[in-house]
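Engineer: All I have is the shape, not the residue letters:
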């Protein structure tokens with residue numbers, strides 16, 4: 001989850017697909033949109049989206 005938080009703070013202007021793509025690059029794992037949303041909630045960032 002820390003990876004996602006870092007990505008969001010580094011790239012506040014990304015769209016969902018770019019965040020998911022960046023997560024895949026950094027972690028070598030593909031995540032779904034629902035998983036992305038849960039991760040945002042975990043980072044307490046869902047209101048930013």
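Structural biologist: Here it is on my side, so go on. Please read all numbers here as calculations on a predicted model, not as lab measurements.

Engineer: Can you name the next helix or strand after whichever helix in the chain runs longest?
Structural biologist: Longest helix in the chain, counting residues (DSSP state H): helix 16-27. In the C-terminal direction, the helix or strand that comes right after helix 16-27 (DSSP states H and E) is helix 33-42.

Engineer: report the angle between the axes of that following helix and helix 16-27?
Structural biologist: Taking axes from the mean of the first three to the mean of the last three CA atoms, to 10 degrees, one finds helix 33-42 and helix 16-27 inclined to each other by 80 degrees.

Engineer: Please state the offset of the lowest-mean-pLDDT helix or strand in the chain from the chain centre?
Structural biologist: Sorting the helices and strands of the chain by mean pLDDT, DSSP states H and E puts helix 33-42 at the bottom, at a mean of 85. Averaged C-alpha coordinates place helix 33-42 at 7 Å from its chain's average position (CA atoms, centre = their mean, to the nearest Å).
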